[in-house]
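# Pasting the sequence and the predicted model now:
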Amino acid sequence: MKAVHRVVKFGGMIHHRLPIAGGMLAVFLSACGGGGEQTPAAATAEENAKVLVKVEKVIEQPVEQLIELTGNVQAFKSNDIATTIPGRIDNILVEVGDRVQKGQTLVQMDRTNLLQAKIQLQNAERELARVDTLYRLGSATQQQFDQLNTQVDVAREALRNLEENTTLLSPIDGVVTARNFDPKNIYPGSPPILNVMQISPVKVIINISESYFPRVKNGMEVKVRLEVYPDKVFIGRISLIYPVINQSTRTFEVEVSIPNGDMTLRPGMFSRVELNFGTVDNVVVPDRAIIKQMGTNNKFIFVVENGVAYQKKVETGRRVGTTYELLSGVDNGATVVVEGQSKLLDGTEVKIIEN
């Protein structure tokens with residue numbers, strides 16, 4: 001195309017206009033005369049600049065309010081079998097592992113002191129009877145009678161104490177779990193001669209967050225699982241709620257009682273206790289939608305509104321399969337990003353990829 005050279009006269013002066021190629025003129029006119037409208041090419045570039053994401057719409061669902069806590073199986077009761085008076089052990093009538101009944105004789109201590117105490121009581125009772133006769137006849141004073149009466153009371157109490165510490169009985173139905181001495185040993189006062197535990201039922205003590213304190217009730221049913229019996233679920237009930245909150249941990253103790261007629265559960269076993277507080281309707285989101293901030297416990301989700309992704313801080317509850325219950329942060333029916341979060345910032349424009 002041939003360039004055009006024009007001469008234009010203004011105010012008596014001659015100006016030479018530079019030659020303009022036809023193609024350049026067309027571009028110039030196109031750029032200046034579009035009325036501000038975006039070209040198709042520019043619109044395509046802007047669309048391609050958006051971050052591609054996949055999304056899902058979340059809805060409220062009934063979620064069981066379960067909490068799981070850990071603890072160790074303990075004997076329902078535990079008693080040390082010992083005497084308060086050191087002395088020689090005459091005989092031990094049970095072995096470790098033996099089942100015993102309440103009131104059963106377990107240990108027989110040397111009876112020498114007991115026999116002496118019986119003789120002393122008999123002598124004191126005879127003397128009291130003699131003085132009582134004299135007192136009635138006026139030959140003994142009230143003071144003599146009272147002194148002897150007191151001596152008899154003291155002798156009876158001493159005999160009763162020796163009887164309890166000479167023949168040692170089981171205070172509970174249970175199992176002998178420890179034996180620290182043999183017959184004919186001299187018992188020095190510690191450790192206990194035997195230990196007897198009641199393991200039917202057994203108990204587990206757990207620590208629960210204070211936020212649940214108003215909702216925990218005596219008699220509430222719980223599920224107990226043990227690692228040694230992975231396929232079994234044991235049913236227990238809350239038997240004791242401690243009335244104070246630990247100021248350091250913000251928890252309170254609860255005692256769970258578990259029937260154990262077949263002695264399957266043994267003290268020391270590790271257990272997981274599950275409490276169920278019913279169901280609550282909460283928003284449930286896929287686990288892949290949640291972003292955890294490194295170095296903190298903060299969790300976030302990107303919510304898409306009108307083509308823009310906004311970062312929302314959330315509080316999670318239970319994990320249910322591949323989803324999380326949300327306690328706060330995202331409304332019912334929101335559209336959340338499940339893929340592509342790594343390229344997003346708060347306020348980023350996004351393009352949704354259809355599944």
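Great, that's in hand. Numbering: from 1, shown residues only.
# Does Asn165 touch Thr84 like I think?
Yes - at 5.7 Å, Asn165 counts as touching Thr84 under the criterion of CB atoms under 8 Å. Placement of C-beta: from N, CA and C, glycine included.
# ok, these two, which is more surrounded?
A direct count of neighbours by other CB atoms under 10 Å for Asn165 and Thr84 places Asn165 higher, at 18 against 8.
# mind checking which helix or strand the closest residue to the more buried one other than its chain neighbours is in?
Taking CB to CB, 6 or more residues apart in numbering as the measure, Asn165 lies nearest to Thr83, with 4.2 Å between them; neighbours along the chain are not counted. Element membership for Thr83 (DSSP states H and E) is empty, with no helix or strand holding it.
# Now do Thr83, the pLDDT please.
You'll see Thr83 listed with a pLDDT of 95.
# Could you give the number of residues near it?
19.
# And Thr112, by the same measure?
Each residue near Thr112 was counted by other CB under 10 Å, and the total is 12.
# where does it fall, phi/psi-wise?
Torsion angles at Thr112 (phi, psi; degrees, to the nearest 10) stand at phi -60, psi -50.
# roughly how far apart are it and Ala124?
With distances defined as CB to CB, to the nearest Å, the gap from Thr112 to Ala124 amounts to 19 Å.
# Check Met269 too.
54 Å.
# For Ser342, which three-state class applies?
helix (DSSP: H, G, I helix; E, B strand; the rest coil).
# for Val254, that is, sorry about that
From three-state DSSP, the assignment for Val254 is strand.
# Okay, and the beta partners of it?
In this structure, Val254 has the following beta-bridge partners (DSSP bridges): Ile206, Ile241.
# quick one, what contacts the most centrally placed residue in the chain?
In the chain, the C-alpha nearest the mean C-alpha coordinate belongs to Leu69, at 3.0 Å (CA atoms, centre = their mean). Under the criterion of CB atoms under 8 Å, 6 or more residues apart in numbering, the contact list for Leu69 reads 206-208, 272-273, 275.
# try it again with 6 Å
Contact analysis of Leu69 by CB atoms under 6 Å, 6 or more residues apart in numbering lists 206, 273.
# What residues does Leu134 make contact with?
Leu134 touches Ala140, counting by CB under 6 Å, 6+ apart.
# circling back: in what helix or strand does the residue nearest to the centre of the chain lie?
strand 59-81.
# Extract the C-alpha set from that strand and format it as CSV.
The C-alpha coordinates for strand 59-81 follow below in CSV (Å, rounded to 0.1, in the frame of the first residue of the first chain):
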residue,chain,number,x,y,z
ILE,A,59,-25.6,-28.9,54.1
GLU,A,60,-26.6,-29.6,57.7
GLN,A,61,-26.9,-33.2,58.7
PRO,A,62,-27.7,-35.0,62.0
VAL,A,63,-24.3,-35.7,63.7
GLU,A,64,-24.0,-37.9,66.7
GLN,A,65,-22.3,-36.0,69.5
LEU,A,66,-19.7,-38.6,70.6
ILE,A,67,-16.6,-38.0,72.6
GLU,A,68,-13.9,-40.7,73.2
LEU,A,69,-11.6,-40.6,76.2
THR,A,70,-8.9,-43.0,77.4
GLY,A,71,-8.2,-44.6,80.7
ASN,A,72,-7.0,-47.7,82.5
VAL,A,73,-9.2,-50.5,83.9
GLN,A,74,-9.0,-50.5,87.7
ALA,A,75,-10.3,-52.7,90.4
PHE,A,76,-13.7,-51.6,91.7
LYS,A,77,-12.2,-52.0,95.2
SER,A,78,-8.7,-52.8,96.4
ASN,A,79,-7.8,-53.9,100.0
ASP,A,80,-4.4,-54.5,101.6
ILE,A,81,-4.4,-57.4,104.1
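# Residue ranges in the chain under the pLDDT threshold?
Scanning the chain for pLDDT under 70 picks out 1-48, 355.
# Relative to Pro171, how far out is the residue lying closest to Asn91 once chain neighbours are set aside?
Setting aside the residues directly before and after it, Asn91 is nearest to Gln108 in space (CB to CB, 6+ apart), at 4.4 Å. Gln108 sits at a distance of 17 Å from Pro171 (criterion: CB to CB).
# So which bits of the following helix or strand past the strand holding Leu69 are buried?
Downstream of strand 59-81, the first helix or strand assigned by DSSP H and E is strand 87-92. Buried residues in strand 87-92, counted by 16 or more other CB atoms under 10 Å: 87, 89, 92.
# And for stretch 148-160?
Buried, per 16+ other CB under 10 Å, within stretch 148-160: 148, 151-152, 155, 158-159.
# Show residues contacting that stretch.
117, 120-121, 124-125, 127-128, 131.
# do stretch 236-244 as well
The list of residues contacting stretch 236-244 from outside it, by CB under 6 Å, 6+ apart, reads 216, 218-222, 224, 252-258.
# List only buried entries from those.
With burial judged by 16+ other CB under 10 Å, the buried subset of those is 220, 222, 224, 252-258.
# Domain map for this protein?
Listed domain ranges for the chain are 52-65+280-352, 68-74+197-278, 83-191 (source: automatic domain parsing).
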